[in-house]
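# Predicted model follows, preceded by the sequence.
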Amino acid sequence: MIQVQELTKNYGAKTVVDHASFTVQPGIVTGFLGPNGAGKSTTMRMIVGLANPTRGQVLVNGKNFKSSTHPLTEVGTLLEAKSVHKSLTPRSHLRAMAATAGLGKSRVDEVLELTGLGPVQRKKVGGFSLGMGQRLGIATALLGDPQVLILDEPVNGLDPEGVAWIRNLARQQAAAGKTVFISSHLMSEMAQTADHLIVIGKGRIMADAPISEFIDNGLAQTVVRARDIELLMNALAAEGVQLRRLDATTLEVTGPESEDIGRRALEAGIVLSELRPLQRTLEDAYMELTRDAIEYRSQVSNDNPAGK
Amino acid sequence: MSTELAAPAAPRTGGKVTLGGVLRSEMIRFFSLNSTRILILVSMVVYIGIAAVGVWGVGSFLQSAPDAGQIPGTESMGTADFTVETMASGLMFSQLILGVLGVLLFSGEFTTGSAVSTFLASPQRLRVLAAKIIVITGLSAVVQLVSTLAAYLVCRPLAENYSLTLDLGGEAFQRVLWYGALAVVMASLLGLALGLLLRNSAGGITSLVAVFFVLPLIAQILMAVTDWFKDYARFMPDQLGLGLALPLSYPSTLESWQQLAGVAGWVLLPLLLAGILLKSRDIK
């Protein structure tokens, strides 16, 4: 279990993580979702003691990781940056890591096998592709067969088979009762892996809920088209119903199910030329949540005609 | 890639991080890197090479000019101490090369990002520093002792050829052997501290060279124009270690204990500062 309490990190005047509080439970996969620069990596670095919090504290299995006597068996960590000396081979890197914690060579062979790095175990890490580096990072994280797995953007650079493998791995680890905390900036990825989602934007926790709530909590939305739009608006007006004119004949209705809308139109004798329920996807929910919290927004705007 | 998660074959008892474990880890990485092996080799070759050329040069000079000892400034030439110190002329280069090794031992962690792995495996940061201090101290001492003894083996026949004495048991040789190792250990620990403070290989090496070459130069100038600085100038790092090992070539007005205290200061203060900052700064 990871308990984050009022965690804050300032770099100079900039607040990267802002009073973040959440708990990552064992036995499930918890996704940590946010746009680039939202503070995901910084939060993870603070959890494992690489960055010192400006305020607040983090407990991993009830204690500060910095005082851990069994760090590698307690927490397995993969951070975004390649964290291996590039002149080392995967084998010597893992053997050095294992030696620190008194783990045997046999475990090194196991994780090399497990991550598919067996054939390149004596090649220098400097020549590795992003995907290979990522596999080595995962091998390092799994080395101590840890109780808590913290993976920062683990699918970066992996091929589809690798992505599926990570998903599988996360599920299995969680099923075995481990705490699994995975960050991503892609909702689609999290939707397939996580049971619980923590959404961060501009350093603040914006949502912390089971993944099912992200899909269900939005109200039904329907697009309705009718010639007698004014009449239709009168017929639909009720408490809990939001109406928005999209154009002369189109209306966006938030609140009632589309079947209700159809029935009321029938009762009022209005002919509908379109009745279309809007699918609210996880992606929409995520975009909505983080719309105002995107640090690096792409600059593609209409008022910049010729492009530059 | 196997999709099955290999269950641990047997319940693992390991996992406890100890200083011994961190030491083993440092050794594995140290000897897996080409750069460290190359630096150690270069240090030995340079030291032994300079020793052989030096002894041969002095020998042949004395042979061609038998009255050299009478010329002012050459009085000590041909003495046993002079021969030993000639053999040890490369000591400053050993200091520099193994000092660079010290810099790289820590700066490499930060330039390659492997510091992240290192401090995840041992979150107690000072334990990592302690392990690195032990590794670099042991290695640079052993390398220098081996270099000195190898230089002796190479120079002995050369010296005999020119009827010069090179005595393994003599006081001068023992000084060169042990204080020479100390001088090299000082440089490598200073390098380690600089590598950790600056977290950058080029910067660390440059500042090491600055401490050994530029600082003494500034000291010389200050000594020439001010009086009060003389006392401090004697504590320049280049003078201290070499003064202990090679008193004939680097005469010092300091007592041995003062020189030793100076060496300790140049090692402990930078390491202390580096240790304090290691604890408080973030690992990137």
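Yep, that arrived.
# Could you list the low-pLDDT ranges of the chain?
By default, I'm working from chain A. For chain A, applying pLDDT under 70 flags the ranges A:81, A:215-219, A:279-281, A:292-308.
# Let me rephrase: I mean chain B.
B:1-13, B:66, B:68-75.
# Name the residue closest to the centre of it, please.
Closest to where the C-alpha atoms of chain B average out (CA atoms, centre = their mean) is B:Val184, at 2.4 Å.
# Need the nearest residue in space to it, chain neighbours excluded.
Leaving aside its sequence neighbours, B:Val184 sits nearest to B:Gln144 (CB to CB, 6 or more residues apart in numbering or on different chains; 4.2 Å). For glycine as for every other residue, the C-beta is placed from the backbone atoms N, C-alpha and C.
# what's the burial count for that neighbour?
29 (other CB atoms under 10 Å in any protein chain shown).
# Please apply the same query to A:Gly269.
Neighbour tally, A:Gly269, other CB under 10 Å: 9.
# and the gap between the residue of the stretch 51-200 of chain B found nearest chain A and A:Phe181?
Closest approach of the stretch 51-200 of chain B to chain A (CB to the nearest CB) occurs at B:Val116, with a separation of 3.6 Å. Note on B:Val116: its distance to A:Phe181, by CB to CB, to the nearest Å, is 17 Å.
# likewise A:Asp145?
In terms of CB to CB, A:Asp145 sits 17 Å off from A:Phe181.
# out of these two, which sits in the busier spot?
Neighbour count, other CB under 10 Å: between A:Asp145 and A:Phe181, A:Phe181 has more, with 26 against 22.
# What backbone torsions are found at the more buried one?
Here is the backbone geometry of A:Phe181 (degrees, to the nearest 10): phi -130, psi 110.
# That one: what's it in contact with?
A:2, A:24, A:30, A:32, A:44, A:47, A:148-151 (CB atoms under 8 Å, 6 or more residues apart in numbering or on different chains).
# can we see that at 7 Å?
A:2, A:24, A:30, A:32, A:149-150 (CB atoms under 7 Å, 6 or more residues apart in numbering or on different chains).
# Which stretches in the stretch 51-200 of chain A count as strands?
For the stretch 51-200 of chain A, the strands defined by DSSP state E, counting those that start in this stretch cover A:55-60, A:75-78, A:148-152, A:179-184, A:196-201.
# Tell me the secondary structure of the residue nearest to B:Val184, please.
helix (DSSP: H, G, I helix; E, B strand; the rest coil).
# Do I have it right that it meets B:Ala183?
No - if you go by CB atoms under 7 Å, B:Gln144 and B:Ala183 don't touch, sitting 8.0 Å apart.
# Does A:Val16 lie in a helix or a strand, and which?
Taking DSSP states H and E as the criterion, A:Val16 maps to strand A:14-24.
# Contacts for that strand, please.
Defining contact as CB under 7 Å, 6+ apart, one finds that strand A:14-24 is touched by A:1-9, A:30, A:39, A:42-43, A:179, A:181, A:198, A:200, A:203-205, A:208.
# Which of the residues you listed fall within helices?
The members of those that map onto helices under DSSP state H are A:42-43.
# From the contacts of strand A:14-24, list the buried ones, please.
The neighbour count (16 or more other CB atoms under 10 Å in any protein chain shown) marks A:2-4, A:7-9, A:30, A:39, A:42-43, A:179, A:181, A:198, A:200, A:203-205, A:208 as buried among those.
# So for stretch B:133-143, what gets flagged as buried?
By 16+ other CB under 10 Å, the buried positions in stretch B:133-143 come out as B:133, B:135-137, B:139-141, B:143.
# Of the strands of the stretch 51-200 of chain A, flag the one that's most buried.
Burial of those is given as mean neighbour count (mean count of other CB atoms under 10 Å in any protein chain shown); strand A:75-78 ranks first at a mean of 27.
# how much distance is there from it to the middle of the chain?
Chain-centre distance of strand A:75-78: 17 Å, with CA atoms, centre = their mean, to the nearest Å.
# Give me every residue in contact with that strand, excluding its own residues.
A:48, A:60, A:65, A:137-138, A:141-144, A:146, A:148-152, A:154, B:120.
# same thing with stretch A:241-254?
Residues contacting stretch A:241-254 (CB under 7 Å, 6+ apart): A:219, A:221-227, A:229, A:232-233, A:236, A:255-256, A:261.
# ok, and which of those residues reach chain B?
Of the residues in the contacts of stretch A:241-254, proximity to chain B by CB under 7 Å from any CB of the partner chain holds for none.
# from those, which would you call buried?
By neighbour count, with 16+ other CB under 10 Å, the contacts of stretch A:241-254 hold A:221-226, A:229, A:232-233, A:236, A:255-256, A:261 as buried.
# related to what we said a few turns ago, would you agree the residue of the stretch 51-200 of chain B closest to chain A is in contact with A:Val48?
No - between B:Val116 and A:Val48 there is no contact under CB under 7 Å: 9.0 Å.
# what residues are shared contacts of the two?
In contact with both B:Val116 and A:Val48: no residue, using CB under 7 Å, 6+ apart.
# quick one: the helices in the chain?
Went with chain A since none was named. A:40-47, A:71-74, A:90-100, A:105-114, A:130-142, A:160-175, A:187-193, A:211-216, A:229-236, A:258-267, A:282-290.
# that answer is for a different chain, and I need it for chain B
Secondary structure of chain B by DSSP H: the helices cover B:19-32, B:34-64, B:80-87, B:91-112, B:114-121, B:125-161, B:171-198, B:201-209, B:215-225, B:230-233, B:237-245, B:256-280.
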